[in-house]
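A.B. asks: Next input, structure requested:
(one chain, ligands or ions: 1)
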Amino acid sequence: MSQCIDPIVGKILAGWRYDISGLAPEMRGDYEEHFNDCERCRSKRRLHRTIDVSLIALASVSAGVFLLAFGVIRHFGPQHAFILELAALAGFALSALIWLVVAVATPAPVTMIEAAKVGARRVHDRLPQEIRERLPEELRMKITGS
Ligand SMILES: [Zn+2]
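C.D. replies: Numbers count the residues shown, from 1 in each chain. Predicted structure coming up:
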């Protein structure tokens, strides 16, 4: 992998897990520039955001599976159903907790909102002109940012 072009800045960014979404806009300039110029930090940021989003996705799936297990146990009522139900609920609670921690501690939600915005913009740009004009002004502003 290529070297960081400015190890001091790179180290600061690494300490933040390459997340500058919480910084005030006027403070972000230098760091954003560094991301533009530095291939290494850019790819690391991408990696970290991928991990964050994967964790959220994994926790969601896991919570869903535990909930499903709970439903199945309820439905079939096997022996020791109560213990199994408890285990399923505990698993669900743990998954929900992990989900919450990741959502609060990482910029995963920001990343997902950004991704959703990019997706919405792409759809918007493909719409025929007459439909685009019918979109409420406020919505269009949100999507295109202009
Ligand atoms: Zn760098």
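A.B. asks: how about Gly22, secondary structure?
C.D. replies: coil (DSSP: H, G, I helix; E, B strand; the rest coil).
A.B. asks: Which residue, other than its chain neighbours, is closest to it?
C.D. replies: Spatial nearest neighbour of Gly22, excluding adjacent residues (Cβ to Cβ, 6 or more residues apart in numbering): Pro107 at 7.3 Å. All C-beta atoms are positioned from the backbone trio N, CA, C, and that covers glycine.
A.B. asks: Spit out the contact partners of Val110.
C.D. replies: Val110 makes contacts with Ser21, as judged by Cβ atoms under 8 Å, 6 or more residues apart in numbering.
A.B. asks: any idea how far Met27 is from it?
C.D. replies: Remark: distance between Val110 and Met27 (Cβ to Cβ, to the nearest Å) = 16 Å.
A.B. asks: Would you map the helices across this structure?
C.D. replies: Counting by DSSP state H, the segments of the chain that form helices are 7-15, 25-37, 39-76, 81-105, 108-126, 129-134, 137-144.
A.B. asks: so what's His75 scoring on pLDDT?
C.D. replies: Per-residue pLDDT puts His75 at 90.
A.B. asks: Report the separation between it and Gly10.
C.D. replies: Taken as Cβ to Cβ, the span from His75 to Gly10 is 54 Å.
A.B. asks: Give me the more crowded residue out of the two.
C.D. replies: Gly10 (18 against 8; other Cβ atoms under 10 Å).
A.B. asks: shouldn't that one be in contact with Glu39?
C.D. replies: No - at 11.3 Å, Gly10 and Glu39 do not qualify as touching, with contact defined as Cβ atoms under 8 Å.
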